[in-house]
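Enquirer: quick one, fold the following:
(2 chains)
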Amino acid sequence: MSIDLQTVKKIASLSRISVTDAEAQAMVPELNNILGWVEQLGEVDVTGIEPMTAVIPNTQRLREDAVTDGNVRDKVLANAPQAEHGFFAVPKVIE
Amino acid sequence: MTNLTDLTVAEIRDGFRAGDFSAREVAEGFNANVAAAKALNAFIVETPEKALAAADAADKAKAAGETLGALAGVPIGMKDLFCTQGVQTTAASHMLEGFVPTYESTVSDKLWAAGAGMLGKLNLDQFAMGSSNETSYFGNVISPWKRGGGDNAALAPGGSSGGSSSAISARLCPAATGTDTGGSIRQPAAFTGISGIKPTYGRCSRWGIVAFASSLDQAGPMARTVRDNALLLEVMSGFDPKDSTSLDLAVPQWEAGLSSNLKGKTVGIPKEYRPDGLNAEIAALWDQGIAWLKDAGADVVEVSLPHTKYALPTYYIIAPAEASSNLARYDGVRYGQRDLPDGAGLQDMYAATRAAGFGPEVKRRIMIGTYVLSAGFYDAYYTQAQKVRALIARDFERAFEQCDLLLTPTAPSAAFTLGEKQADPLAMYLNDVFTVPASLAGLPAMSVPGGLDSQGLPLGLQIIGKALDEQTVLNAGLAIEERAGFVARPDKWW
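Expert: Below you'll find the predicted structure:
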């Protein structure tokens, strides 16, 4: 299946990346080439095969339900583009 | 007197302990080489003061008769994907330009704790996405190597750990960290005539490494010798409760266990890695490598990895899918760049920030990943790829019933020129054809230099081992290293 300009714009929107019409247009053949190439996976017989989720067998650990970190507000905010009153600041969300 | 910057990590460690030279002399030598090599663009940030401070601490500890760390007196380069406290960490992106971590990655922390000093942060492909180091926001890294016969074309140092490979082969540092998602340690090592090992997935903590594709990302060392790789990997490995996929296993003494005697070992030669049209010089080097391992006492059998041809398309679904998820964090709110057009709301800010902060290859991969994970396509692409990934891993398991390790070429060609593959993303992806399968299966794999091609450029051989059997990988690497006698180095032009 091939993707068109509208689909590219939709993917860009889902990805939260703004694109100009010219950029989206240029991506149509690029993404189609790559997606057309990966589609060969469809020919592999995967009957009875479970999707791999962990490459090396490893058990998920549990730890004590205890506070092990915290009180580092200033460190957390140190690289924020805009921090005010101990919070991350963003443009107005609710009108 | 010996040129200190020509020494290996083991030679620096041992010579410093023996009192042949001071740690400060070593650090000053490498700092001078770094400062004089701007033309290679291998470093994004230089930290000569950090290298000197660690050296002075090592000299002082030695004078006081204190116990010395495993890497006391050794300066190294740090790929700029590892968070370093107080030193800008960018992943070679505009998005993270100016980001100064308030914490240290586990792997770099272990290296500093062992006494190593930092020469600087090494350039790479943006967010480690690339095979030529042409996607960095901070400019291309140039390989110190040139083709023979007066060809002055600038060559790719490989990627994504291209700053690491370029700097080591140019003697700007004796060793460096790398990370490998689909070949990002091994392919640059092969392109520049050095060695590098990606350990078993889970050996090195991923904590504090800027994430690309979490089920594939592994840190590892790059250096000029197998011994150096073994001793560095010992320091870098080990359980870390802060990484949920970290393996809770003791770290073997790989350096002490080094032996190039391969008696009793069987080497598998995967027939699918010899496609029609394989470069004749690569094929010849591979045959030479087989002969070297036989000479070291190993038996050789042909094995089959039938799903090899599906490894790259599998990788180019899984890695972008994980990247699209991991890179969702760059939203202009908590760290990194923010682009806030006049009157923009929150959603507009996200989109503008990400449009300005990510380079074209990063955007391409985020969008592919978003597409293959989107409603209606998830099963056809992502779930199918996860199933094929299971089959690729099963191929290796079956092959390892017949053999202890695999020998293959590292890359299908020697270093290409900058720009040569830029126009076609697919052509660039195909350069990882021999390295990606072991990444998908989480297996330890190493590249060691085997020789030079007819143009005078290095070619590498790849050794793939069983999960957790880094020792056999290193030992086979040592057997090749001893027989290849690779001493070529680039002529200084920078």
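
Enquirer: select the longest helix from chain A.
Expert: helix A:21-38 (DSSP state H).

Enquirer: now tell me what touches it from outside.
Expert: Counting contacts by Cβ atoms under 8 Å, 6 or more residues apart in numbering or on different chains, the residues outside helix A:21-38 that touch it are A:2-5, A:8-9, A:11-12, A:19, B:313, B:316-317, B:364, B:367-368, B:371-372, B:381, B:385, B:425-426, B:429. Any C-beta I mention is one placed from the backbone N, CA and C, and that applies to glycine too.

Enquirer: any of these buried? List them.
Expert: Buried subset of the contacts of helix A:21-38 (neighbour count, 16 or more other Cβ atoms under 10 Å in any protein chain shown): A:3, A:8-9, A:11-12, A:19, B:313, B:316-317, B:364, B:367-368, B:371-372, B:381, B:385, B:425, B:429.

Enquirer: got a list of what the residue lying closest to B:Tyr371 once chain neighbours are set aside touches?
Expert: Spatial nearest neighbour of B:Tyr371, chain neighbours left out: A:Ile11 (5.0 Å); criterion: Cβ to Cβ, 6 or more residues apart in numbering or on different chains. A:Ile11 sits next to A:Ile3, A:Leu31, B:Met367, B:Thr370, B:Tyr371, B:Ser374 when contact means Cβ under 8 Å, 6+ apart.

Enquirer: quick one: which of the residues you listed is nearest to B:Leu7?
Expert: B:Met367 (46.2 Å; Cβ to Cβ).

Enquirer: part of a helix, is the closest one?
Expert: Yes - B:Met367 forms part of a helix when assessed by DSSP: H, G, I helix; E, B strand; the rest coil.

Enquirer: just the pLDDT for the nearest residue to it once chain neighbours are set aside.
Expert: Nearest in space to B:Met367, with sequence neighbours left out and distances taken as Cβ to Cβ, 6+ apart, is A:Ile11 at 4.9 Å. pLDDT for A:Ile11: 97.

Enquirer: please identify the helix or strand for A:Ile11.
Expert: Element membership of A:Ile11, judged by DSSP states H and E, is helix A:5-14.

Enquirer: do the same with B:Thr472
Expert: helix B:470-484.

Enquirer: anything in that helix near chain A?
Expert: No - using Cβ under 8 Å from any Cβ of the partner chain, helix B:470-484 never reaches chain A; the gap is at least 12.9 Å.

Enquirer: quick one: list the elements packing against that helix.
Expert: strand B:195-198, helix B:226-236, helix B:280-295, strand B:405-409, strand B:445-452, strand B:458-465 (3 or more Cβ pairs under 8 Å, 6 or more residues apart in numbering or on different chains; DSSP states H and E).

Enquirer: packing partners for the fourth one?
Expert: If contacts are counted by 3+ Cβ pairs under 8 Å, 6+ apart, strand B:405-409 sits against strand B:266-270, helix B:280-295, strand B:458-465, helix B:470-484.

Enquirer: now for A:Gln60, how many residues are close by?
Expert: Applying other Cβ atoms under 10 Å in any protein chain shown, we find 7 residues neighbouring A:Gln60.

Enquirer: without its sequence neighbours, what residue ends up closest to it?
Expert: Nearest one to A:Gln60, counting by Cβ to Cβ, 6+ apart, is B:Ser244 at 6.7 Å.

Enquirer: how about the strands in the stretch 51-200 of chain B?
Expert: B:75-79, B:117-122, B:175-180, B:195-198 (DSSP state E, counting those that start in this stretch).

Enquirer: those: which one's closest to B:Lys38?
Expert: Per Cβ to Cβ, nearest to B:Lys38 of those: strand B:117-122, 11.8 Å.

Enquirer: can you pull out the residues in contact with that closest one?
Expert: B:23, B:27, B:30-31, B:34, B:42-48, B:50-55, B:58, B:74-80, B:84, B:87-90, B:108, B:112, B:161, B:163-164, B:167, B:172-173, B:176.

Enquirer: can I get the buried part of the residues you listed as one ChimeraX selection?
Expert: ChimeraX command restricting the contacts of strand B:117-122 to the buried ones, with burial defined by 16+ other Cβ under 10 Å:
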select /B:23,27,30,31,34,42,43,44,45,46,47,48,50,51,52,54,55,58,74,75,76,77,78,79,80,84,87,88,89,90,108,112,161,163,164,167,172,173,176
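
Enquirer: just the ones of the contacts of strand B:117-122 in helices?
Expert: Those of the contacts of strand B:117-122 lying in helices (DSSP H): B:23, B:27, B:30-31, B:34, B:48, B:50-55, B:58, B:108, B:112, B:163-164, B:167.

Enquirer: could you export the contacts of A:Ile11 as CSV, including pLDDT and distance to B:Glu11?
Expert: Conversion of the contacts of A:Ile11 to CSV gives the following (pLDDT from 0 to 100; distance: Cβ to Cβ, whole Å):
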residue, pLDDT, distance to B:Glu11
A:Ile3, 92, 55
A:Leu31, 94, 50
B:Met367, 97, 48
B:Thr370, 98, 49
B:Tyr371, 97, 50
B:Ser374, 95, 53
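
Enquirer: which of those residues lies closest to A:Arg61?
Expert: Nearest member of the contacts of A:Ile11 to A:Arg61, counting by Cβ to Cβ, is B:Thr370, at 31.1 Å.
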